[in-house]
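**Student:** coordinates only, sequence not included:
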């Protein structure tokens, strides 16, 4: 149950150089648009050809530039769920599902019926894809893919085309279905919440390269790398100068900060999540920075404060807090932000 | 009184004249035209689909050159195509001699010549329409079909062709229309032998040249009616298939 990927590909100015392994379960790949996420899936599926490298699934070599092996997509047994679902528009729902089935008409009909029932599509069998809602189309695509008995499932931004209301239910449905699947699943997304919820393991990629790989919750708690911190939603990041083992100067914030962990020689950035920044009145507290409010933005449950240092308008920090928490009092202009040492993220490049 | 008698008389005379004309008409040009049209369209259909697919797979520069070659018969005067075909298949030249001696197959002044000339002239319409229709098929749908394990053959016939069907259908009807109307190349390669290679188009030219305006007029009426039916067919075929895929209206 292992997928081994080690590929290089050049596309104009973009260079991909990626190597990772996955042994069962759901692996999330998180990265910005254009970082090579979808390209990775396409290389595994055989839709795109890497310039060089090796791809292996459960001991079967799918691609190897040295051995001149490049299996066509048809022989790779890879299930690919496209962002646009890619249903065959001239076929009805039942024809779409039956297209990969072999056997007599009766066999197919009963198999199709079973699938329709399993995916809650009963009653839609005679409709064309153009007449389906986004959620229905996704279920048809999933049913069609599972009929072809794939050994690995690749999900390419499966929820980006859906509105947020539908999304949560569909996500739950999809991962309930996938829990019965015992092969590898790889989900590509730029939505960190989606990945955090459903992918126990995570790889962050940036600019065609793997930044970090590991257990999703650990990476979110301690990204370790600049790009991983950014993509996991860390809003405050500053370049640093190391002063000693537990002291650094955050250059962008013009502040000398104490840390709880030792600062390695390879640490070049410090970050702190907006929700970990504390608004304090006492400027003598550890890691307190004098600030003035620039702007305050409300979302449904949170308030986001954007501040600058009182003596330097370019030194920006932001803080997020809940409108509904127990300690919520009507906010006054913040005077100091405290960056608690235990909440600082030390980041490599 | 006089006019009252002469009216039906004139009518009877005209009726007799018409039936005399019709009885004199040799219907073979109609059948030869239709037969040639159907065979040439069938050849152009499969060849057009195949060549369209072949050209699509090439690199950009090769594509330009091939596209130029395959579209040329549409742009050139048909007489040029006829002349070149005549050079190629002439019984005094290698290809013509070879075909005649080994396969006993003659092209010049035969019905086969009609079909070949018509196919060459009408082919670009099939090729260009098929290619345009193929190039509009969403690549992700083809990728999806491949990852599902469908063979390339099945993908072409079951997935791509139905999506491209409206374009391919209108290409086919246009090809048939062009085949029916072909004159220049056919006249040069196959000649104008009544009952053998004379089509409606060549018949109109020959009858006009001989001063038989009535017969030429008759064939003109026939070809106008046929053409109108073809336009109707174009509109019906391109309108179909719209219901599954929502397209620009």
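**Tutor:** Received the coordinates, thanks. Note that this is a predicted model, so its numbers are computed, not measured.

**Student:** and stretch A:260-270, which residues are buried?
**Tutor:** A:263, A:267, A:269, A:270 (16 or more other CB atoms under 10 Å in any protein chain shown). All C-beta atoms are positioned from the backbone trio N, CA, C, and that covers glycine.

**Student:** Looking at those residues, which are in strands?
**Tutor:** Among those, the members falling in strands (DSSP state E) are A:269, A:270.

**Student:** Show me which of the buried residues of stretch A:260-270 is closest to chain B.
**Tutor:** Each of the buried residues of stretch A:260-270 was checked against chain B using CB to the nearest CB; the closest is residue A:269, at 38.3 Å.

**Student:** I figured that closest one hits residue A:344, correct?
**Tutor:** No: contact between residue A:269 and residue A:344 fails when scored by CB atoms under 8 Å: they sit 10.5 Å apart.

**Student:** re the thing from before, which two in the buried residues of stretch A:260-270 are spaced the farthest apart?
**Tutor:** The largest distance within the buried residues of stretch A:260-270, taken as CB to CB, falls between A:263 and A:269 and amounts to 11.0 Å.

**Student:** intersection of neighbour lists for the two?
**Tutor:** Common contact partners of residue A:263 and residue A:269 (CB atoms under 8 Å, 6 or more residues apart in numbering or on different chains): A:240, A:346.

**Student:** returning to what we had before: out of the buried residues of stretch A:260-270, who's near chain B?
**Tutor:** By CB under 8 Å from any CB of the partner chain, no member of those lies near chain B.

**Student:** Kindly report the residues of the stretch 101-250 of chain A close to chain B.
**Tutor:** Counting by CB under 8 Å from any CB, the residues of the stretch 101-250 of chain A that sit close to chain B are A:128, A:130, A:141, A:144, A:145, A:148.

**Student:** One more pass at 6 Å, please.
**Tutor:** Taking CB under 6 Å from any CB of the partner chain as the criterion, the stretch 101-250 of chain A approaches chain B at residues A:128, A:130, A:148.

**Student:** Buried subset of those residues as a ChimeraX selection?
**Tutor:** Selection of the buried residues among those in ChimeraX, burial being defined by 16+ other CB under 10 Å:
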select /A:128,148
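
**Student:** Take the residues of the stretch 101-250 of chain A next to chain B and lay them out in a markdown table including secondary structure and pLDDT.
**Tutor:** Listed next are those as a markdown table, based on DSSP: H, G, I helix; E, B strand; the rest coil; pLDDT from 0 to 100:
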| residue | secondary structure | pLDDT |
| --- | --- | --- |
| A:128 | coil | 92 |
| A:130 | helix | 89 |
| A:148 | coil | 90 |
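
**Student:** residues near the nearest residue to residue A:160 once chain neighbours are set aside, how many?
**Tutor:** Setting aside the residues directly before and after it, residue A:160 is nearest to residue A:83 in space (CB to CB, 6 or more residues apart in numbering or on different chains), at 6.1 Å. For residue A:83, the count of nearby residues is 15 (other CB atoms under 10 Å in any protein chain shown).

**Student:** Check for me that residue A:83 belongs to a strand.
**Tutor:** No: read with DSSP: H, G, I helix; E, B strand; the rest coil, residue A:83 is coil and lies in no strand.

**Student:** isn't it right up against residue A:157?
**Tutor:** Yes: Residue A:83 lies in contact with residue A:157 (CB atoms under 6 Å); the separation is 4.7 Å.

**Student:** Which residue ranges of the chain form helices?
**Tutor:** I'll assume chain A. Counting by DSSP state H, chain A has these helices, from start to end: A:37-45, A:93-98, A:105-118, A:134-147, A:164-178, A:192-198, A:216-221, A:226-231.

**Student:** ah, I was thinking of chain B
**Tutor:** Per DSSP H, chain B carries helices over the ranges B:2-24, B:28-56, B:60-75, B:78-89, B:94-98, B:111-135, B:139-147, B:152-154, B:161-181, B:184-190, B:200-209, B:213-239.

**Student:** Enumerate every residue touching the spatially most central residue of chain B.
**Tutor:** For chain B, the residue nearest the mean C-alpha position is residue B:179 (2.0 Å; CA atoms, centre = their mean). Residue B:179 makes contact with B:37, B:40, B:41, B:118, B:122, according to CB atoms under 6 Å, 6 or more residues apart in numbering or on different chains.

**Student:** That concludes my questions; thank you for your assistance.
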